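**Student:** this is a predicted model, with the sequence first.
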Amino acid sequence: MEQTRELLINMGPQHPSTHGVLRVLLKLDGETITWAEPDIGYLHRCFEKLSESKTYPQVIPYTDRTDYLSAITNEHAFCLAVEKLMGIEVPERAEYIRVMMAELQRICSHLLGLGAMALDLGAVTGFLYAWRDREKIYSLFERITGGRMLYNYLRIGGVRNDLPEGIIGTPRDGRDKADKTIWGFINYFESYVLPEWDDLLTNNRIFQWRTQGVAPLPSEVAIAYGASGPVLRASGVKWDLRKNVPYSIYDRFEFDIPVGKENGDCFDRWVVRVEEMRQSARIVKQALQWLAENPGDYIAPKLPRVLKPPKGEVYIRYEGSRGEVGVHLVSDGSANPYKVKWRSPCFTHLQLLPVLAPGHKLADMIAIIGSIDIVLGEVDR
Amino acid sequence: MSLADLWAQHWFRAFVTGSLVLVFALGNFYITLWLERKESAWIQNRLGPMRAGPQGLLQVLADLFKLLQKEDIVPRNVDRILFLIAPFVAHIPALLIFLVVPFGPNLVVADYDIGIIMIAAVTSYAVIATFIAGWGSNNKYSLLGAMRGAAQMISYEVTLVMSVIGVAMMAGSLKLSDIVLAQAERGVLGWYLFPQFIGFIVYLIASLAELNRAPFDLMEAESELVAGYHTEYSGFRFAIFLLVEYVHMIAWSAIAATLFLGGWVGPTPADIPVIGPRLFGWMTGPVWDNIWGFCWFLFKTYLLIFIVIWIRWTFPRVRIDQLMDLGWKFLLPVSLFNIFLTGVMKYGWNVLAESGSPLRWLFWLWR
């Protein structure tokens, strides 16, 4: 007898909107998803094992490549871990530069994450606008670090080089200097880009139809699944490691933690990210002010040629662009780390898919993947 | 047999005019494709194609030539016959619409008395091609796309026809050339765009869905279904699907221009006050009327094409259930209300027109 059957469909690993090489197995009843299961491992590069055969400074470029859209924050997390292990005092100026770079990187990463989500929802123009502004950050980063995407800029104990002449600019720099000075970019970003995002997408009726009420994530479920970062905050939990477990010099900056409502849906996750970019811009401005007032060239302490941290282990919790990055470092006293364990927020968030997807349409699936903003490089490491 | 005799033969006239329409459609397909790429580039801070020819005008030619060279892949497990004929089934209804479109006062291939019904009949047949392609491809994504397409096109067909009924009521005819002439008598403010504004908006939205254009491009929704019903197609067959999409868009814009914007009606240089008749007086007569009419028609059509492209590159895509809700629960009732409104207003004008009551100006637009 003929009867209705569920349709098993393979979304990925080659699919336009799985953000890399994610494969999701879906069971569809018509267009409604009844079951979803992510399948990962297509981008596994042995980061953790590889680190064991490298010296500590040599691991830094590999950390760039875990979450390749947010390289500076990964470098920062790893450097903080080694510094904590060895008890190195970081020069104040270097730490300000690091924080400023990390926050710029967060803006950059959120821009791409939001742009890609817009693209998945069919708004191609939003994606290209994000690309345009991200390009400006990249040209700034290129002048500072020499690299556009993977920088290898942070050093254990400091940064590789000081900011180049004139890159800070003045608070009066406007749109015409957006890709020449950091002040220019921040002013352009706050006065032009963010309102444009609100006009084009956040307040767009169709965009709200597509995201509001889609895949609500209750806060207790979010906590139970170990969600962190924007995904957790969108579910109404006021939890930001920069405030709650301060590391580096974040206790010196003034910024707010944006939170969504109790049952954070895709729209909340979107709004929280947009708001976070605004807060990051605030932090960058404060850091720029400090850097302009405190010139100097002491950006890295004198360290031995071969770093041999004492025996022991250390765990660093770091608020990366996508959530909590954890670095568990075990040292056996030699020049190579005994073990590097990388806690990746994307990996943790990906396990939310089977919880969020069932009951929604196939078209919502891509909104969900977009809203939890995964980077497969970090999921597989 | 002289040429005039030959022209009198029905089959010969049909052959020539049909060929001209085909050439018109293909030529505009070329321009529209180029326009889409340029316009999307302007919207997105890009330049668009610049290298092939001035302003990238030859880019489309290069692309089509590339598609022609590609291998025509027929996957192993497809329903072979359906898979192979689908693109050709698809492109017939798109071209047939041009038969009834009046390009100028006398430029119309087949001026049917039931023009609007003919359009509705022909376009509802486009969905069959979509379904053939989706089903014949034997691919789950294609099937999903085809299912969406069938649901979407059939439901928006109803809305589309309902939105046009108001125009037919105003003109008192289903013949497209009559509708244009009726608008010509009423002057610019009398174009059915104004009394039928609700109808025009409903038509625009419904035709976007019918055309399968963003924000309603659900059946080929790239980020969801890869390429929907034509995922498996490659090479020239794919190019034909592309052609169909754009020819459809031109056809719908042409019909919208005819029904709501007065078609070929528009002022000519001879209509310029004072200097017009003296300088351009010689540019009158039936031939010149057709030329000016054709220019106006093209201008209005491209205005609408421009808007359709603009919409595509601005909005995100809606979801299938939202699309259905929009069609059945909002657009259909609104278009039914428009029919009711048109009837009431027209009746009001008929009753009050002779009475001299000041109240009659309320109904003037629907005269």
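**Tutor:** Here it is on my side, so go on.
**Student:** which strand or helix spans residue A:89?
**Tutor:** Per DSSP states H and E, residue A:89 falls between elements, in no helix or strand.
**Student:** separation between it and residue B:109?
**Tutor:** For residue A:89, the distance to residue B:109 equals 85 Å [CB to CB, to the nearest Å]. For the C-beta atoms, the positions are set from N, CA and C on the backbone; glycine is no exception.
**Student:** the two: which is more packed in?
**Tutor:** Neighbours were counted for residue A:89 and for residue B:109 using other CB atoms under 10 Å in any protein chain shown; residue B:109 has more, 18 against 9.
**Student:** so who does that one touch?
**Tutor:** If a contact means CB atoms under 8 Å, 6 or more residues apart in numbering or on different chains, then residue B:109 has B:14, B:17, B:18, B:21, B:98, B:99, B:100 as its contacts.
**Student:** A helix includes residue A:280, no?
**Tutor:** Yes - according to DSSP: H, G, I helix; E, B strand; the rest coil, residue A:280 belongs to a helix.
**Student:** residues contacting the nearest residue in space to it that is not next to it in sequence?
**Tutor:** Excluding its sequence neighbours, the residue lying closest to residue A:280 (CB to CB, 6 or more residues apart in numbering or on different chains) is residue A:103, at 4.2 Å. Applying CB under 8 Å, 6+ apart, we find residue A:103 in contact with A:280, A:281, A:283, A:284, A:287.
**Student:** any chance of TSV for these, columns neighbour count and pLDDT?
**Tutor:** As requested, the contacts of residue A:103 are exported to TSV (neighbours: other CB atoms under 10 Å in any protein chain shown; pLDDT from 0 to 100):
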residue	neighbour count	pLDDT
A:280	24	91
A:281	21	90
A:283	22	91
A:284	24	90
A:287	25	90
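**Student:** so which of those residues comes closest to residue B:348?
**Tutor:** Nearest to residue B:348 out of these is residue A:281 (CB to CB; 58.7 Å).
**Student:** shouldn't that closest one be in contact with residue A:186?
**Tutor:** Yes - applying CB atoms under 8 Å as the test, residue A:281 and residue A:186 come out as touching, 5.3 Å apart.
**Student:** tell me the SS of the residue in chain B that chain A sits nearest to?
**Tutor:** Residue nearest to chain A within chain B: residue B:317 (2.9 Å; CB to the nearest CB). Three-state call for residue B:317 (three-state DSSP): coil.
**Student:** next, count neighbours for the nearest residue to residue A:126 once chain neighbours are set aside.
**Tutor:** With sequence-adjacent residues excluded and distances taken as CB to CB, 6+ apart, residue A:126 is closest to residue A:118, at 3.4 Å. Residues near residue A:118, counting by other CB under 10 Å, number 25.
**Student:** secondary structure element for residue A:118?
**Tutor:** Per DSSP H and E: helix A:92-120 holds residue A:118.
**Student:** pLDDT of that helix, averaged?
**Tutor:** Across helix A:92-120, the average pLDDT comes to 89.
**Student:** list the buried residues in it.
**Tutor:** Within helix A:92-120, the residues scored as buried using 16 or more other CB atoms under 10 Å in any protein chain shown are A:93-120.
**Student:** next, count neighbours for residue A:153.
**Tutor:** 22.
**Student:** in this structure it contacts residue A:74, no?
**Tutor:** No - with contact defined as CB under 8 Å, residue A:153 does not reach residue A:74; the gap is 11.4 Å.
**Student:** how about the helices in the stretch 251-381 of chain A?
**Tutor:** A:266-293, A:345-350, A:353-356, A:362-372, A:376-380 (DSSP state H, counting those that start in this stretch).
**Student:** before we move on, which element is the closest residue to the residue of chain B closest to chain A other than its chain neighbours in?
**Tutor:** Counting by CB to CB, 6+ apart, residue A:122 is the residue found nearest to residue B:317 once chain neighbours are left out, at 2.9 Å. Counting by DSSP H and E, no helix or strand carries residue A:122.
**Student:** got the contact list for the residue of the stretch 251-381 of chain A found nearest chain B?
**Tutor:** Relative to chain B, the nearest point of the stretch 251-381 of chain A is residue A:363 (4.7 Å; CB to the nearest CB). Residues near residue A:363 by CB under 8 Å, 6+ apart: A:31, A:210, B:218, B:221, B:224, B:317, B:319, B:320.
**Student:** would CSV of those with neighbour count and pLDDT be doable?
**Tutor:** Shown next, in CSV, are the contacts of residue A:363 (neighbours: other CB under 10 Å; pLDDT from 0 to 100):
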residue, neighbour count, pLDDT
A:31, 20, 81
A:210, 27, 86
B:218, 27, 77
B:221, 29, 68
B:224, 30, 72
B:317, 26, 86
B:319, 24, 85
B:320, 23, 84
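**Student:** show me what counts as buried in stretch B:323-335.
**Tutor:** Using 16+ other CB under 10 Å as the test for burial, stretch B:323-335 gives B:323, B:324, B:326, B:327, B:331, B:332, B:334, B:335.
**Student:** so what's the residue positioned nearest the centre of chain B scoring on pLDDT?
**Tutor:** In chain B, the residue lying closest to the centroid (CA atoms, centre = their mean) is residue B:252, at 0.9 Å. You'll see residue B:252 listed with a pLDDT of 88.
**Student:** tally of neighbours for whichever residue of chain A sits closest to chain B?
**Tutor:** For chain A, the residue closest to chain B is residue A:122, as judged by CB to the nearest CB, at 2.9 Å. Residues contacting residue A:122 under the criterion other CB under 10 Å number 26.
**Student:** what is the nearest of the contacts of residue A:103 to residue B:199?
**Tutor:** residue A:281 (47.1 Å).
**Student:** show me the contacts for the closest one.
**Tutor:** By CB under 8 Å, 6+ apart, residue A:281 lies in contact with A:103, A:107, A:186, A:189, A:190.
**Student:** show me which residues of the stretch 251-381 of chain A sit near chain B.
**Tutor:** Contact residues, the stretch 251-381 of chain A versus chain B (CB under 8 Å from any CB of the partner chain): A:361, A:362, A:363, A:364, A:365, A:366.
**Student:** mind running it again at 10 Å?
**Tutor:** Applying CB under 10 Å from any CB of the partner chain, we find that the stretch 251-381 of chain A lies next to chain B at A:360, A:361, A:362, A:363, A:364, A:365, A:366, A:367, A:369, A:370.
**Student:** leaving aside the residues next to it on the chain, what's closest to the fifth one?
**Tutor:** Across the structure, with CB to CB, 6+ apart as the measure, the residue nearest residue A:364 apart from its sequence neighbours is residue A:214 (5.0 Å).
**Student:** same deal with residue A:256?
**Tutor:** residue A:279 (5.9 Å).
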